[in-house]
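J.: structure, please.
(6 chains)
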Protein chains: 6
Amino acid sequence: MPAGEYRQSSRESGSGEEEAWLWGQIKAEARRDAEAEPALASYLYSTILSHSSLERSLSFHLGNKLCSSTLLSTLLYDLFLNSFSTDVNLRSATVADLRAARYRDPACISFSHCLLNYKGFLACQAHRVAHKLWTQTRKPLALALQSRISDVFAVDIHPAAKIGKGILFDHATGVVVGETAVIGNNVSILHHVTLGGTGKVSDDRHPKIGDGVLIGAGATILGNIKIGEGAKIGAGSVVLIDVPPRTTAVGNPARLVGGKEQPTKHEEIPGESMDHTSFISEWSDYII
Amino acid sequence: MPAGEYRQSSRESGSGEEEAWLWGQIKAEARRDAEAEPALASYLYSTILSHSSLERSLSFHLGNKLCSSTLLSTLLYDLFLNSFSTDVNLRSATVADLRAARYRDPACISFSHCLLNYKGFLACQAHRVAHKLWTQTRKPLALALQSRISDVFAVDIHPAAKIGKGILFDHATGVVVGETAVIGNNVSILHHVTLGGTGKVSDDRHPKIGDGVLIGAGATILGNIKIGEGAKIGAGSVVLIDVPPRTTAVGNPARLVGGKEQPTKHEEIPGESMDHTSFISEWSDYII
Amino acid sequence: MPAGEYRQSSRESGSGEEEAWLWGQIKAEARRDAEAEPALASYLYSTILSHSSLERSLSFHLGNKLCSSTLLSTLLYDLFLNSFSTDVNLRSATVADLRAARYRDPACISFSHCLLNYKGFLACQAHRVAHKLWTQTRKPLALALQSRISDVFAVDIHPAAKIGKGILFDHATGVVVGETAVIGNNVSILHHVTLGGTGKVSDDRHPKIGDGVLIGAGATILGNIKIGEGAKIGAGSVVLIDVPPRTTAVGNPARLVGGKEQPTKHEEIPGESMDHTSFISEWSDYII
Amino acid sequence: MPAGEYRQSSRESGSGEEEAWLWGQIKAEARRDAEAEPALASYLYSTILSHSSLERSLSFHLGNKLCSSTLLSTLLYDLFLNSFSTDVNLRSATVADLRAARYRDPACISFSHCLLNYKGFLACQAHRVAHKLWTQTRKPLALALQSRISDVFAVDIHPAAKIGKGILFDHATGVVVGETAVIGNNVSILHHVTLGGTGKVSDDRHPKIGDGVLIGAGATILGNIKIGEGAKIGAGSVVLIDVPPRTTAVGNPARLVGGKEQPTKHEEIPGESMDHTSFISEWSDYII
Amino acid sequence: MPAGEYRQSSRESGSGEEEAWLWGQIKAEARRDAEAEPALASYLYSTILSHSSLERSLSFHLGNKLCSSTLLSTLLYDLFLNSFSTDVNLRSATVADLRAARYRDPACISFSHCLLNYKGFLACQAHRVAHKLWTQTRKPLALALQSRISDVFAVDIHPAAKIGKGILFDHATGVVVGETAVIGNNVSILHHVTLGGTGKVSDDRHPKIGDGVLIGAGATILGNIKIGEGAKIGAGSVVLIDVPPRTTAVGNPARLVGGKEQPTKHEEIPGESMDHTSFISEWSDYII
Amino acid sequence: MPAGEYRQSSRESGSGEEEAWLWGQIKAEARRDAEAEPALASYLYSTILSHSSLERSLSFHLGNKLCSSTLLSTLLYDLFLNSFSTDVNLRSATVADLRAARYRDPACISFSHCLLNYKGFLACQAHRVAHKLWTQTRKPLALALQSRISDVFAVDIHPAAKIGKGILFDHATGVVVGETAVIGNNVSILHHVTLGGTGKVSDDRHPKIGDGVLIGAGATILGNIKIGEGAKIGAGSVVLIDVPPRTTAVGNPARLVGGKEQPTKHEEIPGESMDHTSFISEWSDYII
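T.: Now for the predicted structure:
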């Protein structure tokens, strides 16, 4: 994204203004694509260009993606629209998630690309609605949504799980997030990541992920443990113990780079920089 | 589940009685949810409350979930109903699987929650029918079912694989079970688990999983090896050798906790207790 | 597959002849299955027997699998048919991929079995069309296809990724292939395999996989590294460094069997032999 | 239909035998057509050749024709199959209706042609089930079926209406049959025919049609009047008074050919001979 | 409908109150039917019981009935809901039309019966929205709606046609109403009725139907003529000239009962009494 | 339509040029409507603007309109596209039919209006393909198409019926055209018109309609009779005898205006002028 665009948008202060700016961008992108590609124009009009707001577009898209022969698209559309249009927090989370994908993922070429095509983004927005229903004690409906999200996107997030803003679920297939898990803000989570329980207990039993954490593909984090803010979990790691802030854990079972006593601290926020291999040489040398 | 409920049901001895009791529970749960949540009532009536038996409800639900534009729901419904209504073993396996989810998974709040929403449960029931077709040498139909199950639930179980009763496929996304695999009774398998072949041979080439085994998320078990009864396989483990009964294997490649010669034996049945991290401290200490 | 069949087909020299021979086989298989299994005949006629060519059958099947309420089957059918019928390279890749599944996977009982049921095969063919669109700078359409493939098959291949011929994506659920990844010919890739980026850079950042490589289930290969031709990557490995030709890398993090200095070379082409556990004893002994 | 065929079938005495013979004919026709026309084979297999009985084929076809997003095909299939398989009268009526179309309509080239394509036949069979539901005081379901039949086939028959066997609704679009109407056996009714009420009364207010009556296209018959057996109603007639047996009524308002006092009697059974214009010259001469 | 009910409702003065009363009735009816007929409960919940208002229920039902693969239900639902919720006139017309069916048609057993099952009612409500779009110069959308209504309900009303309140389109199949037609209040129109143009002119060229008119089945009224208030048009009549108030026209071509000079006047409002045959004897005697 | 447009198009001589001109008009209309009405843009892009030719647009639209769960849209699309793209006569008939609607029907506001929304036009084009199949002795497929056309459009044309070019089926609901009927060029037929057989014979038994004939709404024409060129049949008429060229027949039973011996001849071509009531005064005066 060109710097000019970024500055323009960062000048916007209020969430409503930012949402409006973003929606304007999305419509402009979709219009450009519809003109360049007539075969896609119908899709772009039905999903984006025929709608008057981001929340309508998103509700329409989710309703059509998640519907089934026994849960009709109109019912889901209504449910999503009602949630998004009455809850400004949901909408600001959507905006933050769109930004997260656009600025962190080099493969993301536009906001509309994320809105339409990122199953991680869509699963997360649908989860936010399911979570809202859960907190309203509309549990059976929340669980039915979870099930549809898991069927359609292969992303299985328990509706009770709490998820912050500015989240990137990249690729997303196979992500599992348990009932008592908590995910902070500006976290980036790759596909096949599990935030799982331990089975021993039936109350608080899932990981707590701090702000700015980056979790690599296929990492499995189990139990009511803390992944400190800005920590980095290597791909394929199996993490069963707390990870201090701004440290890196790798391996199966995971250990801290630099060792338990003197873990190497890094300065950047990996959930935002998405740097998941700067520790390669160090780690590899250490182990082999 | 309150102890009272459990005792009531465990007093039922015959399988038909137990099925009837369970179906009664499921209808009661669905009725309660339909009353509390009108938005879900249509779904609950079409999937559960309009049916006269568990097998009809399940056949309807699977037919509608697994159908496609080229494999119609009515055809699948017929196929499932015919199998379930003529094979008491299939039905008792369904009952045992519902119990397994309800009693082992702390996130499972009701039998109907599992029946409607657990893709692992649904994939497993559909597999049982595919397996029956396979043994009747209706292989192309069995393979078409396997393919639909893999598309819809991201659970890929070869129809020749033999699976016992009381199985919990928790979360289930990404599970792969090969052609000559055998899974015993009361086994719990988390998501992303592979019971794979070795490619060297084309006959008996997949794992044999004993009764009461617990296999953690992302574990990969390859080759015609035995996982002894009551064994526990740690999340993310890669297991290429036999694991003795009631021992725990962890790591990539997996090794036995306590060592090959004197593996630490545990007493509980992990496939039922779902305790997948009691070995954490031991293991972590051992390695790092 | 009996040797006689193989010889007959390998005598065919030109790609058109081979395609014709293969299509003849597929129709014969489908006809045999339709006769034996009336419940499947409708499916076999609509997907195979009513079509006049492999490309039509495949386009029909992909169109119906990948369509959604906002991307109609007729539009996708048109798109696929147009691509396959005008590009002989696409068609010869399809033929090579069908052969790869048939000859390498012991669970594959016929060409039609693969054509109809293998999500890895179908995802790969759809990717080939998406890649062609990408190179024609029809990027938004290519990305929409990628998204549908990821939703439907849980296989997420960036349309810019370059993939050779004779590829077997076995089971395929959870495969992720990044934008600048390159896969050679005759490669076999199991499910849950990631060819991922590193996040640090936005240009060439994904693995390059040589000809004849075999990548085991759940392996994660990250960064712009080279997996030499004929190399073997163990299941569950996390590979962050180059792997020399005809060597085996295993573990998390992966190390070469035999060590970095003197890796053990093997002679066969593992991508074709699918031998993914011949290194078990060696490796296990080495580590534990 | 060749005489030989007819004799062969008429030798069958019991209804079960006749049904079996007819189903054999239908399967043979469908098999022949599927071989000759691959583009239609999928349709013929799904609707006829994959089924084990006429009642299953018909239930499947009606379920798929009449379903909607809020009334699923599986529910309707179940409903139809349950009705047809438990009520031999329904089945014998179906057989008689198939014969009626095949022997009376020169455009009907086979039994399967009628079974698959005649909306009048299909609407009538669905009505028979709706009528059964009505008599079981399952009125709301019966009325929902009526509505679907009217939407899909443009044939609006009140579920309370009593209809005999051997009925041909030819073309059928626009037929309306009111709540207290009664139709005898071997009646032939063309499209746009109304058996309507008068609005003055809310009890018995619709026509009673005797056996063997032929009602021409667009005829409107209103009120609790009797159309005597073997009578003929000219196309476009508006009939508000009783018509004696074996006489012909034509015109708007209808009058008897030959006059009220001495109506010309005919001998054949017009509902079976389908002769709807032998009275042309006479009538035309009379009027103009 | 029992007198008590009627009085209760007629006491309601404001339109909002009446709508609320009616919606209460409809929900009560649907609840009773859902309890009595589990097979229909899913349908009743999705169409009525899950909604919070009549306008939502109706918009949902119309959206699902009129949608197609190229006009999605969510889009139509949005369109209908937006129209009904912002236009109190539309809603009061819906209420009046429901009453018209309930009180005039002896076959109408409840308000919900009409709401769910009467294609004439549904076509008319959808037309009212199309008409609103037309007057907002959203002509292409209005015409697309007209086309869907004609496909689905076989009722073809030009969106420019003006239609009053309290209209009963009974059975409705085949009704055609032209561009410049005007229909007053409390009119009852049977099926196959045409209010057609003459082709000679392209401006005001269709009939004007006064208040309280009753038009019998199959009547064809052509040209810019006036059917005076309270007039009655006999079934099957072809009317090409003005019909004075409270007179009856019958026949093809239609003539006034009693003759052009001294037409017999009647006192009741036939559009409300639905008496379409009181003129039988007189007419029949006159003609034959 | 402004005269300028007409002249421009009439200057085009060859059929290919005219088709190209018309397709250009249609795209321009659709583009204008898509811009003015975002809610319809998706529909317009999918049906018209994404296609490269009129035959593709029409095949897509018909495939999506006529498909069912057992006859897939892709199959029908293929069938239509294959017919239209290989048969220039079919295409020129389509062009002539579009012109007929546009120039004769005052309610037709654009070519795209007719292409998208006129069920008579769409039914006729689908019939032309069914007729072609019939002549290729692909009778079962032709009859299946007829059935779908009758279900979806309520227009029932036997595939053997021969229909000329420049045909307007206005409103079209309820039209029935029998097996041996022949319709000339530039004929206009209103809704509910029947060209029916007599039932007495099984060979040539349906009407032959000359060029330029106009048949009013609800007219029923029965038997192997000739309606001479330029004749006019009044709405609601029942015609059982030949009608000489350029004369008008009205009434039930129909008689010639002016009498059998000296029928009044008119000069214009009513099938093109659509004047269906110029004979009103004459006729009415005559009769009453």
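J.: poorly predicted segments of the stretch 151-288 of chain A, please.
T.: In the predicted model of the stretch 151-288 of chain A, residues A:199-202, A:275-288 satisfy pLDDT under 70.
J.: can you pull out the strands in the stretch 1-150 of chain A?
T.: Assigned strands in the stretch 1-150 of chain A: none (criterion: DSSP state E, counting those that start in this stretch).
J.: which residues touch A:K132?
T.: Going by Cβ atoms under 8 Å, 6 or more residues apart in numbering or on different chains, A:K132 touches A:S83, A:D87, A:L90. In this view, the C-beta of every residue, glycine as well, is placed from N, C-alpha and C.
J.: the first one: neighbour count?
T.: A:S83 has 22 neighbouring residues, counting by other Cβ atoms under 10 Å in any protein chain shown.
J.: any idea how far it is from A:D33?
T.: Here the distance between A:S83 and A:D33 works out to 28 Å (Cβ to Cβ, to the nearest Å).
J.: in helices, which of the contacts of A:K132 fall?
T.: A:S83, A:L90 (DSSP state H).
J.: what is the nearest of the contacts of A:K132 to chain E?
T.: Using Cβ to the nearest Cβ, A:S83 comes nearest to chain E of the contacts of A:K132, at 15.0 Å.
J.: mind pulling up the pLDDT for the nearest residue to the closest one once chain neighbours are set aside?
T.: In space, and not counting its chain neighbours, A:S83 is closest to A:V129: 4.5 Å by Cβ to Cβ, 6 or more residues apart in numbering or on different chains. At A:V129, the model reports a pLDDT of 98.
J.: same check on the one 4 residues further on?
T.: Looking at A:L133, its pLDDT stands at 98.
J.: report the contact partners of it.
T.: Listed by Cβ under 8 Å, 6+ apart, the contact partners of A:L133 are A:S83, A:K139, A:L141, A:A142, A:L145, A:P159.
J.: report the two of these separated the most.
T.: Greatest spacing in the contacts of A:L133, by Cβ to Cβ: A:S83 and A:K139 (15.5 Å).
J.: can you give me the helices in the stretch 151-288 of chain A?
T.: A:270-273, A:280-287 (DSSP state H, counting those that start in this stretch).
J.: is the first one up against chain C anywhere?
T.: So the one you mean is helix A:270-273. Yes: contact of helix A:270-273 with chain C (Cβ under 8 Å from any Cβ of the partner chain) involves A:S273.
J.: can you count the residues close to the closest residue to A:R128 other than its chain neighbours?
T.: The shortest distance from A:R128 to any non-neighbouring residue, by Cβ to Cβ, 6+ apart, is to A:L90 (5.4 Å). Using other Cβ under 10 Å, A:L90 has 20 other residues around it.
J.: which ones are touching A:L90?
T.: With Cβ under 8 Å, 6+ apart, A:L90 has these contacts: A:S83, A:F84, A:Q125, A:R128, A:V129, A:K132.
J.: my read: the third one touches A:L62, true?
T.: Yes: at 6.5 Å, A:Q125 and A:L62 qualify as touching, with contact defined as Cβ atoms under 8 Å.
J.: could you count how many residues lie near A:V88?
T.: 12.
J.: which residue comes closest to it once chain neighbours are left out?
T.: Per Cβ to Cβ, 6+ apart, closest to A:V88 is A:S15, 6.5 Å.
J.: that neighbour and A:V95 touch, don't they?
T.: Yes: A:S15 is within contact range of A:V95, at 7.0 Å (criterion: Cβ under 8 Å).
J.: show the contacting residues for the residue in the stretch 101-250 of chain A that chain D sits nearest to.
T.: Minimum separation of the stretch 101-250 of chain A from chain D (Cβ to the nearest Cβ) falls at A:R148, amounting to 16.2 Å. Applying Cβ under 8 Å, 6+ apart to A:R148 gives the contacts A:L66, A:C67, A:S68, A:L71, A:A126.
J.: check those and tell me the two furthest apart.
T.: Spanning the widest gap among those are A:S68 and A:A126, at 13.5 Å by Cβ to Cβ.
J.: which one's more surrounded, the two?
T.: Taking neighbours as other Cβ under 10 Å, A:S68 and A:A126 compare with A:A126 leading, 28 against 16.
J.: for the more buried one, give me the pLDDT.
T.: So, for A:A126, pLDDT stands at 98.
J.: residue contacts, it?
T.: So A:A126 contacts A:L62, A:L66, A:F80, A:L145, A:R148, A:I149 (Cβ under 8 Å, 6+ apart).
J.: can you rerun that using 6 Å?
T.: Listed by Cβ atoms under 6 Å, 6 or more residues apart in numbering or on different chains, the contact partners of A:A126 are A:L62, A:I149.
J.: from chain B, how far out is it?
T.: 14 Å (Cβ to the nearest Cβ, to the nearest Å).
J.: what about the spatially closest residue to A:I189 that is not a sequence neighbour, neighbour count?
T.: Excluding the flanking residues, the one nearest A:I189 by Cβ to Cβ, 6+ apart is A:I215, at 4.8 Å. Neighbour count of A:I215, defined by other Cβ under 10 Å: 31.
J.: my guess is A:I215 contacts A:S188, does it?
T.: No: if you go by Cβ atoms under 6 Å, A:I215 and A:S188 don't touch, sitting 7.2 Å apart.
J.: ok, A:C108 to C:A254 distance?
T.: Applying Cβ to Cβ to A:C108 and C:A254 gives a distance of 29 Å.
J.: send me stretch A:28-44 as CSV with only the CA atoms.
T.: Listed next in CSV are the C-alpha coordinates belonging to stretch A:28-44 (Å, rounded to 0.1, in the frame of the first residue of the first chain):
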residue,chain,number,x,y,z
ALA,A,28,-13.5,1.6,-5.6
GLU,A,29,-11.4,-1.6,-5.8
ALA,A,30,-14.5,-3.6,-6.7
ARG,A,31,-15.6,-1.2,-9.3
ARG,A,32,-12.1,-1.3,-10.9
ASP,A,33,-12.1,-5.1,-10.9
ALA,A,34,-15.6,-5.3,-12.3
GLU,A,35,-14.7,-3.1,-15.2
ALA,A,36,-11.5,-5.1,-15.9
GLU,A,37,-13.1,-8.5,-15.6
PRO,A,38,-16.7,-8.9,-16.8
ALA,A,39,-16.8,-12.5,-15.7
LEU,A,40,-16.4,-11.4,-12.1
ALA,A,41,-18.6,-8.3,-12.3
SER,A,42,-21.8,-10.1,-11.3
TYR,A,43,-20.0,-11.5,-8.2
LEU,A,44,-18.6,-8.1,-7.3
